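Chemist: Below are the sequence and a predicted model; questions follow.
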Amino acid sequence: MPKSDKSKSKTSKSETSKSDKQHHHDSGFRGPRPFWSGTIAFGLVNLPVGLYPAQHARDITLKEVDDKGRPLSRRFFSESGRKPLKTSELARGVEVDEDRYVVVEDQEIEDATLEHRREIELSRFVSLDELDPLYFRRAYFLVPDSRSGNGSGALKPYRLLAAAMENANRAGIATLVMRGREVLVAIVAENGILRAEALRFHDELRTPQSLGLDAPGDPDATRQRQMQRAMDKLEAKRFDPDELIDPHIEALKKRVRQKRRRHEDIVPIESSRASADDDDEQEGAEVIDLMQVLKRSLKRGRVEPSRQQTNERKETSGRKESSGRKGKSKSEGKSQDEDSSKSEDTPRKAEGRTGKPQKSRGEQAKPSGNRKKIPTKTELSSLTREALYELAQQRDIAGRSGMSKAELIDAIGRHR
Amino acid sequence: MMSARAVWKGVIGFGGERVPVKLYTAVSDRNVHFRLLDRRRHRPVHQAMIEPQSGKTVSRDDRHKAVVDKQDRILFDDEELGELTPAPSRDIEVMHFLPQGMIDNQWYQRPYFLGPDGDQDTFDAFAAALADSGREGLVHWVMRHKAYVGALRDHDGHPVLITLRHLDEVVDADALEPPGGGKLNDSEVKMATDLVEMYAADFEPETYQDEYRQRLEALVETKRSGKRVKVKHRRRQEPTDDIASSLKASLARERKRA
């Protein structure tokens, strides 16, 4: 497919979405906020950073609709029931014996999460070639946050650390707490940019031995040489990322364009209920936003306001705004300005804050305080599926793992 | 011990060579899996798709797929989607063999160990050739109606296949500009590099545990006896501004330790 076409449509999308949202934001710019923000402790140097996912949602996705093209939602039913079960009638459980389940309450799971830690202690640097690629799970870009420091801010330590790691050809191994879970990361510097590669835990990897696979035997030398020659013929010096184009997605996009041209199977959307419809637009826009955020933040050396700072600002301005760790972590992709602009007319559970003041501080907050907060669909649709999933998780929304983005938005919207 | 079950079988092809292999998943899912239950009966629930406006359940036969866009939805029927689905094949086609390290690790997604599918001699020769080459193969294949790209690598004598993310799933790191500013002070870069070297360590992944998962497992275990799991508390730190002196102090501290 023509690339220019793709990038053009993306750009225009992001422009519209940006201008739509600009009046919400004092700096005139908004985008996804970091997944995580905190400090890298390198020796006695502390470097404030934000983490942004390096992977994002697909360009195009298929959703389930009925014969009239109306989007569908997933509901849950008891074995005999005809009416869908309400969230309060659902529970989470683990099968402990065949057909015997133990119910695990939301709060119990919450209690198992780790206390949030805003520090990445970087005091182990391993040689890059020691890092086994089997461990790599997911990547995040590290963006310096100059606002937190005074004067020179985070930019210089960031650049120094990146330069030093590149000089030494080493990656830092550390742990951090993200969404209540400990995450093992390798911090890798590449072309002056730091990246955190989330790693699998040791026991999450099998070994050939544990799989019962024998080590390959001694090869026949002639056979091996034959293989070697065949390999040599396919030798390439450089990796061409175009090899990673998904032919299936491209074919789907092509069919979409074809159908548009022919006006085939197109269901226009009534603007009155543009809920799930925002979805893809937002998703596409977010892809670009993330890129722009990264570009701009890296250049400027600052991240968007972190959840913690957002909370503090809100608290000082006396807003009855509950922004628990989990609560806020769901708001990943949107500005707190939009959040607060809606706060007057959005029913919120104020008693969550007044009732448990000790828990509502910043990232340490428990989600119970704002579990009843109901974000608008527009707010929700600006989030990534992952962020929505977290939101659903915190609300204990049933069947969330199987839900599409639209379904998640729908379910969160309904959940009270 | 009994050999684990392969998840898929395919044939690696490059030049005139054909290497029949079995794929074994290298990742074991250790997460605690929750099922959704009917709270009253403690029974797993059934699920169904409904149309939210009418509340009516839509049966599988009446469901369609659509690409949802801002102004419209573009419907697809099963037949059409079937046509778009990549044709089933057992071929794992090698596009290129690249020097190791060419494929940036941000593309890596999911590893599989490879084992022979019948022809042991061919497999052994292939494993040895791959290990000796110092290269990794970039491969394309179709598995369960999905197109995959992968890196074919040696892993201590065992060939592995790591699926790679598709182009549209990853933020292009090359398009990003590193944080700018004036030239860095050479002596500071030197100090920082020295500090990195002082902290040199071996990669020992087995020393890290997923505490959250352990707590969940413990929770599920103790649930039977009705007990609860406790949580610990931790502290945090403030940033510093004078980098040079901090680096110097850190170096001094580490030297003393050494």
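Modeler: Ah, there it is. Residues are numbered from 1 along each chain as shown, chains lettered A, B, ... in the order given.
Chemist: Help me confirm that A:Q258 is found in a helix?
Modeler: Yes - the assignment for A:Q258 (DSSP: H, G, I helix; E, B strand; the rest coil) places it in a helix.
Chemist: now the nearest residue to it once chain neighbours are set aside: how far from B:D62?
Modeler: Sequence neighbours aside, A:E264 is the residue nearest to A:Q258 in space, at 7.7 Å (criterion: Cβ to Cβ, 6 or more residues apart in numbering or on different chains). Any C-beta I mention is one placed from the backbone N, CA and C, and that applies to glycine too. Distance, A:E264 to B:D62, by Cβ to Cβ, to the nearest Å: 20 Å.
Chemist: So which of the two has more stuff around it?
Modeler: Shown here are A:E264 and B:D62; by other Cβ atoms under 10 Å in any protein chain shown, B:D62 has more neighbours (15 against 11).
Chemist: just the strands in chain B please.
Modeler: For chain B, strands defined by DSSP state E occupy the ranges B:8-14, B:17-25, B:35-38, B:43-44, B:46-51, B:56-57, B:64-68, B:72-76, B:91-99, B:108-116, B:135-143, B:146-155, B:158-164.
Chemist: would TSV of those with distance to chain A, mean pLDDT and mean neighbour count be doable?
Modeler: As requested, these are arranged in TSV below (distance: least, Cβ to the nearest Cβ, whole Å; pLDDT from 0 to 100; neighbours: other Cβ atoms under 10 Å in any protein chain shown):
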stretch	distance to chain A	mean pLDDT	mean neighbour count
strand B:8-14	5	97	19
strand B:17-25	5	97	21
strand B:35-38	4	92	21
strand B:43-44	6	91	16
strand B:46-51	4	91	17
strand B:56-57	8	89	14
strand B:64-68	4	89	23
strand B:72-76	4	90	21
strand B:91-99	4	97	19
strand B:108-116	4	96	23
strand B:135-143	6	96	22
strand B:146-155	5	96	21
strand B:158-164	5	97	24
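Chemist: remind me which residues of the stretch 101-250 of chain A are low pLDDT?
Modeler: For the stretch 101-250 of chain A, applying pLDDT under 70 flags the ranges A:146-152.
Chemist: Closest approach to chain B from it, which residue is it?
Modeler: A:G192 (2.8 Å; Cβ to the nearest Cβ).
Chemist: Would you mind measuring from that residue to A:Q55?
Modeler: 21 Å.
Chemist: Looking at the stretch 51-200 of chain B, which residue is nearest chain A?
Modeler: Counting by Cβ to the nearest Cβ, the stretch 51-200 of chain B gets nearest chain A through B:P178, at 2.8 Å.
Chemist: got the contact list for residue 203?
Modeler: In the absence of a named chain, chain A is used. By Cβ atoms under 8 Å, 6 or more residues apart in numbering or on different chains, A:D203 lies in contact with B:S28, B:R30, B:D210.
Chemist: oops, I was thinking of chain B
Modeler: If you count contacts by Cβ under 8 Å, 6+ apart, then B:F203 has A:V126, A:S127, A:E130, A:L131, A:D132, A:I173 around it.
Chemist: okay but the first one is in contact with B:A201, surely?
Modeler: This points to A:V126. Yes - in this structure A:V126 lies within contact range of B:A201 using Cβ atoms under 8 Å: 5.8 Å.
Chemist: Quickly list what's touching both of the two.
Modeler: Common neighbours of A:V126 and B:A201 (Cβ under 8 Å, 6+ apart) are A:I173.
Chemist: Can you pick out the residue with more neighbours from those two?
Modeler: A:V126 (19 against 14).
Chemist: Who does the more buried one form a beta bridge with?
Modeler: A:A171 (DSSP bridges).
Chemist: Spatially nearest residue to residue 197, not counting backbone neighbours?
Modeler: If you meant another chain, say so; for now it's chain A. A:A186 (4.6 Å).
Chemist: wrong one, I was asking about chain B
Modeler: The shortest distance from B:E197 to any non-neighbouring residue, by Cβ to Cβ, 6+ apart, is to A:A168 (5.6 Å).
Chemist: how many other residues sit next to that neighbour?
Modeler: Neighbours of A:A168 under the rule other Cβ under 10 Å: 20.
Chemist: Repeat that for B:L84.
Modeler: 16.
Chemist: wait, it sits on A:E250?
Modeler: No - in this structure, B:L84 is not within contact of A:E250 by Cβ under 8 Å, at 9.7 Å.
Chemist: ok, now which ones touch the spatially most central residue of chain B?
Modeler: Among the residues of chain B, the one closest to the centroid is B:Q109, at 3.1 Å (Cα atoms, centre = their mean). The contact partners of B:Q109, taken as Cβ under 8 Å, 6+ apart, are B:I162, B:T163, B:L164, B:R165.
Chemist: So the second one versus A:L244, what's the distance?
Modeler: Counting by Cβ to Cβ, the separation of B:T163 from A:L244 is 11 Å.
Chemist: can you list residues touching both of those two?
Modeler: Joint contacts of B:T163 and A:L244 (Cβ under 8 Å, 6+ apart) are B:V149.
Chemist: What does the pLDDT read for residue 79?
Modeler: The chain I'm using is chain A. Looking at A:E79, its pLDDT stands at 84.
Chemist: actually it's chain B I care about, not the one you picked
Modeler: pLDDT, read off for B:E79, is 88.
Chemist: Is it correct that the residue nearest to A:Q258 falls within a strand?
Modeler: No - counting by three-state DSSP, A:E264 is not part of a strand but coil.
Chemist: Show me how chain B divides into domains.
Modeler: Chain B is divided into the following domains under automatic domain parsing: B:8-30+B:86-169, B:186-257.
Chemist: closest to A:P157 out of these?
Modeler: Among the domains of chain B, the nearest to A:P157 by Cβ to Cβ is domain B:186-257 (5.3 Å).
Chemist: Over to the closest one now: how far is its first residue from its last?
Modeler: 25 Å (Cα to Cα, to the nearest Å).
Chemist: Burial check on the nearest residue to B:E169 once chain neighbours are set aside, number of neighbours?
Modeler: Spatially, and ignoring its direct neighbours in sequence, B:E169 is nearest to A:Q55 (5.5 Å; Cβ to Cβ, 6+ apart). If you count neighbours by other Cβ under 10 Å, A:Q55 ends up with 17.
Chemist: Next: B:D104.
Modeler: 17.
Chemist: where do the strands sit along chain A?
Modeler: A:36-42, A:45-53, A:62-65, A:73-77, A:90-97, A:100-104, A:119-121, A:125-127, A:136-144, A:170-178, A:181-190, A:193-199, A:266-268.
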